[in-house]
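**Q** Sequence and predicted model, in that order:
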Amino acid sequence: MVRATARRTFLAGGVGAALAVAGCSRVPEGDALGRLRSQGTVRLGIAGEVPYGYVDEDGRFTGEAPELAKVIFKRLGIDRVQPVATDFSSLIPGLNSQQFDVVSAGMYINKERCAQVLFADPEYQMLDAFIVRKGNPKGLHSYEDVVRTRARFATGTGYSEIKYAVAAGIPEKDIVILQDQVAGLNAVESGRVDVFAGTALTTRAVVSKSSRAEATAPFAAVVDGKKKVDGGGFAFRPTDTTLRDAFNAELHKMRSSGELFRILRPFGFTQAEMTTLTAKELCR
């Protein structure tokens, strides 16, 4: 985790350097793609969450987002991706305050976030799943089951699962908010909570080596009587339309050729998580 003081220092230095480079190369103000090409580096905001963007056992930043970003930005003429880790809830504020140039951290595209940032089309779709004790003693397979059994419910900071839980009838005041899915696993294993909600992909990954917890089968949350299938994608500042459009063009080529799936597959994604959804559809 990057300390707040370190992030403030990075903001002061990083933005100043970016402006200096842009000024020297006379890149037009607001031309993010031109500025990043001139700098040769794009700062990618991530939340330290497996499998989206994280530090591996060798101390290397990896995950589907950094690996995909490396390929796409290289093709856009930007050679270096510099991941910057922060709390999930700080990603959009950090993007709009120029701590990063782009955000990708398993962030679902929804109407509320679309009012704050500009999304590329999603690179994957995702269902939810629960982390529960081995054997799932309370029989929890949906948010409605949590309400029925009065199970102690937790999810992550800024997660969409908060909204889905509330829509199912779980009082927001009763939801335990934890830092991430690792904290969720620990809370379930210790008995502090009965269930932790996250994406099917992250719950599968985090329980893989646990002897005391398991992940439920994926399911779609029901909101206003409709099943929700989410899609996650890269977020850009609202003014960076040209950069987003150039990114989208490369993403679409990779979707069509199968290259996108080949990059995501090592991080636990399956063909069931590939999608042709658009950001426009998910922003409604």
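**A** Alright, I've got the coordinates. Residues are numbered from 1 along each chain as shown.
**Q** Now do the same for residue 152: its pLDDT.
**A** The predicted local distance difference test score for residue 152 is 98.
**Q** My read is that it contacts residue 191, right?
**A** No. Using Cβ atoms under 8 Å as the test, residue 152 is too far from residue 191 to be in contact (9.0 Å). Placement of C-beta: from N, CA and C, glycine included.
**Q** Who has more neighbours out of those two?
**A** When residue 152 and residue 191 are compared for neighbours, residue 152 comes out ahead with 18 against 10, by other Cβ atoms under 10 Å.
**Q** Tell me who's in contact with the more buried one.
**A** Residues in contact with residue 152 (Cβ atoms under 8 Å, 6 or more residues apart in numbering) are 176, 192, 193, 194, 195.
**Q** Could you do residue 197 as well?
**A** With Cβ under 8 Å, 6+ apart as the criterion, the residues that contact residue 197 are 128, 129, 130, 131, 143, 153, 154, 155, 159, 161, 164, 165.
**Q** Could you pull out the helices in the stretch 1-150 of the chain for me?
**A** Listed in chain order, the helices of the stretch 1-150 of the chain (DSSP state H, counting those that start in this stretch) span 4-25, 32-39, 64-75, 91-96, 111-114, 143-149.
**Q** What is the burial count for residue 154?
**A** So residue 154, with other Cβ under 10 Å, has 25 neighbours.
**Q** helices and strands around the strand or helix carrying it, which ones?
**A** Using DSSP states H and E, residue 154 maps to strand 153-156. Contact analysis of strand 153-156 by 3 or more Cβ pairs under 8 Å, 6 or more residues apart in numbering; DSSP states H and E lists helix 161-168, strand 176-178, helix 181-190, strand 195-199 as its packing neighbours.
**Q** which stretches of the protein have low pLDDT?
**A** Across the chain, the ranges flagged by pLDDT under 70 are 1-30.
**Q** one step back: so of the helices and strands packed on strand 153-156, which one's packed in deepest?
**A** Between those, the one whose residues have the most neighbours on average, counting mean count of other Cβ atoms under 10 Å, is strand 195-199 (a mean of 29).
**Q** Beyond that one, next helix or strand please.
**A** Next helix or strand after strand 195-199 toward the C-terminus (DSSP H and E): helix 200-206.
**Q** Which SSE is immediately downstream of that next one?
**A** Counting by DSSP H and E, the element after helix 200-206 in chain order, helix or strand, is strand 213-215.
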